[in-house]
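Q: using only what follows, build the 3D model:
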Amino acid sequence: MRVVDLFCGCGGLSLGFQNAGFDIVAGFDNWKDAISIYSKNFSHPVFEQDLSDIEQSVSVISQYTPDMIIGGPPCQDFSSAGKRNEDNGRGGLTISYAQIIARVKPTWFVMENVERILKTEKLSEAKKIFKNSGYGLTQIVLDASLCSVPQKRKRFVLIGKMGEVDNFMFQLITSRLATKPMTIADYLGNSLGIEYYYRHPRSYARRGIFSIYEPSPTIRGVNRPMPSGYKRHNGDPIESIEGVRNLTTIERSYIQTFPKNFKWEGTKTNLEQMIGNAVPVNLGKFIGLSIQEYLRHGGDKHQQLSLF
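A: Have a look, this model is predicted:
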């Protein structure tokens, strides 16, 4: 199945679907630094493209005759880390994504975003575009730690298939979730050489120290060292904070399940942002393998009544 990745960033979703057996034929993004990283890690082409330009985007994407379009439109205007203003320019890219799919008409599409998109008018508008174009929709919020990712990262996923009923994959996906969260130790063992690490909290009312024997909190686009005046929080899992450090940029990429041979290059600020923005590779693989299972079994026994 030929797949095109829109808003591909540094390639987390592309790599996940590639690892699930899909043929990624092209990636598209508008961030030069992310495109540079993507191009170092994939053999297929990646293009700098303003995906808000619908006409030009449709023209270029259609040349690759995709059976599936995947992508995660920028989420900063919906996320808890952003200003949560869906009328900002990036929020409108969710509509651009829907309009491109409605014009190109692949058999399948997958859209990933933050959980908070569920509260937005932009999602309702995008879903109307998909439905009017003939897609059956399955939407679900996935906890990445139940999808072979050592991280508590909740993400909204919308899967569309032309001509299907709504919720056609919901039961299948939920049946494939792990029964317990994956910890850092489960995934990386003791390879980090630490048991505890610092992750800067948004508020000092929250703890800042975490153990490798639990899933990581969400990897964000910033990575600050522990301040010299940090006072131990009651929720911190150790008594003494002496010697505790934050995770390195590369260690954070491992928790996003990028492989150790993935090639990174650029400024620390850009790399932290790329890694934090990325879809965890194994989350992409989980979604891709779920679709592969649906294709193998025809999907009939997994259809459910619409919840929309």
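Q: would you map the strands across the stretch 1-150 of the chain?
A: With strands called from DSSP state E, counting those that start in this stretch, the stretch 1-150 of the chain shows them at 2-6, 23-29, 46-48, 68-71, 108-114, 135-143.
Q: I'd like the mean pLDDT over the second one, please.
A: Think strand 23-29. For strand 23-29, mean pLDDT is 98.
Q: outside of it, which residues touch it?
A: Surrounding strand 23-29, the residues in contact under the criterion Cβ atoms under 8 Å, 6 or more residues apart in numbering are 1-9, 11, 14, 17-18, 35, 38, 42, 44-49, 51, 57, 60-61, 64, 66. To be clear about C-beta, it is placed using only N, CA and C from the backbone, and glycine gets the same treatment.
Q: low-confidence bits of this structure, can you list those?
A: 75-91, 299-308 (pLDDT under 70).
Q: what about the strands in the stretch 151-300 of the chain?
A: Under the criterion DSSP E, counting those that start in this stretch, the stretch 151-300 of the chain carries strands at the ranges 154-162, 196-198, 209-211.
Q: which strands and helices lie in contact with the first one?
A: Packing partners of strand 154-162 (3 or more Cβ pairs under 8 Å, 6 or more residues apart in numbering; DSSP states H and E): strand 108-114, helix 121-132, strand 135-143, helix 281-297.
Q: list the strands paired with that strand, with their directions.
A: Note on strand 154-162: by DSSP bridges, its sheet partners are strand 108-114 (antiparallel), strand 135-143 (antiparallel).
Q: angle of that strand against helix 281-297?
A: 30 degrees (axes from the mean of the first three to the mean of the last three Cα atoms, to 10 degrees).
Q: with distance to Gln171 added, can I get the strands of the stretch 1-150 of the chain in CSV?
A: Below are the strands of the stretch 1-150 of the chain laid out as CSV (distance: least, Cβ to Cβ, whole Å):
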stretch, distance to Gln171
strand 2-6, 24
strand 23-29, 27
strand 46-48, 35
strand 68-71, 21
strand 108-114, 18
strand 135-143, 9
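Q: dump those strands to JSON lines, plus mean neighbour count.
A: Compiled in JSON lines, these are given as follows (neighbours: other Cβ atoms under 10 Å):
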{"stretch": "strand 2-6", "mean neighbour count": "26"}
{"stretch": "strand 23-29", "mean neighbour count": "22"}
{"stretch": "strand 46-48", "mean neighbour count": "17"}
{"stretch": "strand 68-71", "mean neighbour count": "26"}
{"stretch": "strand 108-114", "mean neighbour count": "25"}
{"stretch": "strand 135-143", "mean neighbour count": "21"}
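Q: report how many residues lie close to the residue nearest to Lys152 when sequence neighbours are not counted.
A: Ranked by Cβ to Cβ, 6 or more residues apart in numbering and with sequence neighbours excluded, the top spatial neighbour of Lys152 is Pro215, at 4.6 Å. Pro215 has 25 neighbouring residues, counting by other Cβ atoms under 10 Å.
Q: need the contact list for Pro215.
A: Going by Cβ under 8 Å, 6+ apart, Pro215 touches 145, 150-152, 181-184.
Q: got it, and His200?
A: 208, 222-224, 226, 246.
Q: same check, this time on Ser175
A: Applying Cβ under 8 Å, 6+ apart, no residues contact Ser175.
Q: one more: Gly12?
A: Gly12 neighbours (Cβ under 8 Å, 6+ apart): 256, 258, 278-281, 283-284.
Q: distance from the chain centre to stretch 7-14, please.
A: Distance of stretch 7-14 from its chain centroid, counting by Cα atoms, centre = their mean, to the nearest Å, is 8 Å.
Q: span of it from start to end?
A: 10 Å (Cα to Cα, to the nearest Å).
Q: stretch 179-194: which residues count as buried?
A: 181-187, 192 (16 or more other Cβ atoms under 10 Å).
Q: one more: stretch 213-232?
A: Neighbour count says stretch 213-232 has 214-221, 223, 226, 230 buried, by 16+ other Cβ under 10 Å.
Q: with distance to His297 added, can I get the residues you listed in JSON lines?
A: Below are those laid out as JSON lines (distance: Cβ to Cβ, whole Å):
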{"residue": "Glu214", "distance to His297": "35"}
{"residue": "Pro215", "distance to His297": "30"}
{"residue": "Ser216", "distance to His297": "33"}
{"residue": "Pro217", "distance to His297": "36"}
{"residue": "Thr218", "distance to His297": "33"}
{"residue": "Ile219", "distance to His297": "34"}
{"residue": "Arg220", "distance to His297": "37"}
{"residue": "Gly221", "distance to His297": "38"}
{"residue": "Asn223", "distance to His297": "42"}
{"residue": "Met226", "distance to His297": "49"}
{"residue": "Tyr230", "distance to His297": "52"}
